[in-house]
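**Student:** For reference, the sequence and a predicted model appear below.
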Amino acid sequence: MVCIQINSSLLTQAHSPMINEAPPRSLTAFRFLICIFAAGLPLTAVAQQGAPKESVKPFDTAVQLESFDQVWNTIKKVHWQPEKVGDSWDEAKANFRPKVESAKSTQEVRVALTDMLNTLDQSHFGIIPKAQYEEANEVKGEGGKGTAGIEIRLIDGELVVTRVFEDLPASKANIQPGWQVKLIGTRTAEEILTGAEKVGEQTVLRLETATGLVCDARTSGEVGEKLALAFVDNDNEVHLEYLELAKAPGKEGRFGNLPPFNVNFEAKLLSDDIGYIAFNSFLGGPQMAQQYADAVSAWQKEDRKGLIIDLRGNRGGLMLLVNAMCGWLTSDRESIGTMTMAGGNFIKMVLNPRRPKFDKPVAVLIDGCSISAAEVMAGGIKDLELGRIFGSKTAGLVLPSTVVRLPNGDGFQYALSSWESASGESIEGIGVIPDDEILLDREMLTNNADPVLSAARKWILEENKN
């Protein structure tokens, strides 16, 4: 058994993290680490819903079988739980390989592979359609990904607007939090919920998480694309809006074998002298680490009242960014959690503290679409008592993973280890439970556009009085 302690430097000058108390092969382990946390996006089933059409090439059964064998053999080799890759995994091969042999299309192969991966009943295993990569190489609209600038979540069995983002189409159309959603594009709310239920059946996603992700996908598209949305407000008045999708905030980025993604980072000072940071993934690399460091360092020197880190809707990414960000909140070299891999080898993720640390109250905001690295950060802050967590339970999709390309052109995402938070507990399939759970409803959202943010601000101000 090998234990490797990783002590992450802040990456603010793109320095390589230091590796302490490690065996000679620790550098190899570090490169390996960058890879396995590069894919905090266990959303392959969602990605396949409404995926763009891919280029048509002759169907090659031999290539598809080669792809199947790579998937099966990879998991057989790297999975950390022997019971998952024993007789039952051999049976899975016997059951699903014949389906690939008789398949007539790549989609049939994806279904067979997905069904086989689902027998593991764990997150971060899935197939990413080749079209997701091909689409990225095409020139789209007026400059990339477009958005309506709206967040829709499942509340009491209904699709409800939970946030409307400034200076984007939804806010300009005066759409309000608390409105019930009846139509997105050509799909009714009932049809969207049925689709989310199917995603949940195909994956380990909870319905709340699947619904949020499907709605996020359906309110995105090409810049300039027109999107119809119908709502019912709390006075039972119907609103029908046609929004022209605007360029999504942030910049397009690429990492490894992930399809391109949009990274948005925001840092601002709220009116009550509280710093606020929000970002949609941990895939911004050294630039994001620098932006975070600049903001937190400035607010520390200026003696601001506190810090809010908004991880709602954050899809995860690089663990090294989690370590870098959490390092500002502690004076001790504490472990934020442990990865256990095949053969019992494990890696402790040790924070590298910044001095002086940010010594004012820290609040973290989470929801059912806070995923992977976002859950690692929230769970670590909670366990180490570095801050207070507000919102609703996270997705429970925490396993470290990587993405490789298969011979047939599809992407293959697979987990490489378990994850235990600082408390020694696994949050896979469970999620992070907030210290202050705020269960949204339509009336609450009508009276307060962001109750979760308001609760965090109130707590920080009260802490400053003590």
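**Tutor:** Looks like it arrived, so ask away.
**Student:** Which strand or helix spans Val296?
**Tutor:** If you go by DSSP states H and E, Val296 is part of helix 285-301.
**Student:** you'd agree Phe231 is in a strand?
**Tutor:** Yes - looking at Phe231 with DSSP: H, G, I helix; E, B strand; the rest coil, it is inside a strand.
**Student:** who does it bridge with?
**Tutor:** Per DSSP bridges, the residues bridged to Phe231 are Val181, His239.
**Student:** tell me the contacts of it?
**Tutor:** By CB atoms under 8 Å, 6 or more residues apart in numbering, the contact set of Phe231 is 161, 175, 179-182, 238-241. For the C-beta atoms, the positions are set from N, CA and C on the backbone; glycine is no exception.
**Student:** buried sites along stretch 252-261?
**Tutor:** 253, 255, 257-259, 261 (16 or more other CB atoms under 10 Å).
**Student:** Please list the members of those residues that lie in strands.
**Tutor:** 253, 261 (DSSP state E).
**Student:** Of the buried residues of stretch 252-261, which pair is most distant in space?
**Tutor:** Based on CB to CB, the longest span within the buried residues of stretch 252-261 runs between Gly253 and Asn257 and measures 13.6 Å.
**Student:** hang on, Lys76 packs against Trp89?
**Tutor:** Yes - Lys76 lies in contact with Trp89 (CB atoms under 8 Å); the separation is 6.1 Å.
**Student:** Name the residue in these two with the higher neighbour count.
**Tutor:** Trp89 (19 against 15; other CB atoms under 10 Å).
**Student:** which strands and helices sit next to the strand or helix carrying Lys76?
**Tutor:** Element membership of Lys76, judged by DSSP H and E, is helix 61-78. Counting contacts by 3 or more CB pairs under 8 Å, 6 or more residues apart in numbering; DSSP states H and E, helix 61-78 packs against helix 87-101, helix 106-118, strand 411-415.
**Student:** deepest of these, which one?
**Tutor:** Each of the helices and strands packed on helix 61-78 was scored by mean neighbour count; the highest is strand 411-415, a mean of 23, by mean count of other CB atoms under 10 Å.
**Student:** Show me how far it is from its chain's centre.
**Tutor:** In this view, strand 411-415 has its centroid 15 Å away from the chain centroid, taken as CA atoms, centre = their mean, to the nearest Å.
**Student:** what are the pairing partners of it, and which direction each?
**Tutor:** Counting by DSSP bridges, strand 411-415 is paired with strand 126-128 (antiparallel), strand 401-405 (antiparallel).
**Student:** For the residue nearest to the spatial centre of the chain, give its distance to Thr119.
**Tutor:** The chain has Arg315 as the residue nearest its centroid, 1.4 Å off, counting by CA atoms, centre = their mean. Separation of Arg315 from Thr119 (CB to CB, to the nearest Å): 25 Å.
**Student:** same deal with Tyr292?
**Tutor:** Distance of Tyr292 to Thr119, given as CB to CB: 39 Å.
**Student:** Of those two, which one has the most company?
**Tutor:** Shown here are Tyr292 and Thr119; by other CB under 10 Å, Tyr292 has more neighbours (23 against 15).
**Student:** hmm, back to that, Throw the helices and strands packed on helix 61-78 into a markdown table and include distance to Arg457 and mean pLDDT, thanks.
**Tutor:** A markdown table is the format used below for the helices and strands packed on helix 61-78 (distance: least, CB to CB, whole Å; pLDDT from 0 to 100):
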| stretch | distance to Arg457 | mean pLDDT |
| --- | --- | --- |
| helix 87-101 | 49 | 97 |
| helix 106-118 | 42 | 94 |
| strand 411-415 | 36 | 92 |
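**Student:** ok, Arg163 - how many residues close by?
**Tutor:** A total of 20 residues lie near Arg163 under the criterion other CB under 10 Å.
**Student:** In contact with it, which residues?
**Tutor:** Arg163 makes contact with 150-151, 177, 312, 449-450, according to CB under 8 Å, 6+ apart.
**Student:** If any of the residues you listed are buried, put those into a PyMOL selection.
**Tutor:** Typed into PyMOL, the line below selects the buried ones among the contacts of Arg163, using 16+ other CB under 10 Å:
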select buried, resi 150+151+177+312+450
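**Student:** now the contacts of Arg163 as a markdown table including pLDDT, secondary structure and distance to Thr209?
**Tutor:** Below are the contacts of Arg163 laid out as a markdown table (pLDDT from 0 to 100; DSSP: H, G, I helix; E, B strand; the rest coil; distance: CB to CB, whole Å):
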| residue | pLDDT | secondary structure | distance to Thr209 |
| --- | --- | --- | --- |
| Ile150 | 97 | strand | 18 |
| Glu151 | 97 | strand | 13 |
| Pro177 | 97 | coil | 20 |
| Arg312 | 98 | coil | 12 |
| Ala449 | 95 | coil | 23 |
| Asp450 | 97 | coil | 20 |
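**Student:** Tell me the one among the contacts of Arg163 nearest to Asn352.
**Tutor:** Arg312 (26.5 Å).
**Student:** separation between the closest one and Val452?
**Tutor:** To Val452, Arg312 is 7 Å away according to CB to CB.
**Student:** Over to Asn257?
**Tutor:** For Asn257, the distance to Val452 equals 34 Å [CB to CB].
**Student:** Check Ile128 too.
**Tutor:** 31 Å.
**Student:** Ok, Gln64 next?
**Tutor:** According to CB to CB, Gln64 stands 46 Å off from Val452.
**Student:** Please apply the same query to Lys247.
**Tutor:** Using CB to CB, one gets 27 Å for the distance from Lys247 to Val452.
**Student:** Please identify which of these two sits among more neighbours.
**Tutor:** Taking neighbours as other CB under 10 Å, Lys247 and Val452 compare with Val452 leading, 25 against 16.
**Student:** was I right about that one contacting Ser370?
**Tutor:** No - taking contacts as CB under 8 Å, Val452 lies outside contact range of Ser370: 11.5 Å.
**Student:** joint contacts of the two?
**Tutor:** With CB under 8 Å, 6+ apart as the test, Val452 and Ser370 both reach 312, 391.
**Student:** Isn't the residue nearest to the centre of the chain up against Asn264?
**Tutor:** No - here Arg315 lies out of contact with Asn264, judged by CB under 8 Å, at a distance of 11.3 Å.
**Student:** Common neighbours of those two, please.
**Tutor:** Common neighbours of Arg315 and Asn264, using CB under 8 Å, 6+ apart, are Asn280.
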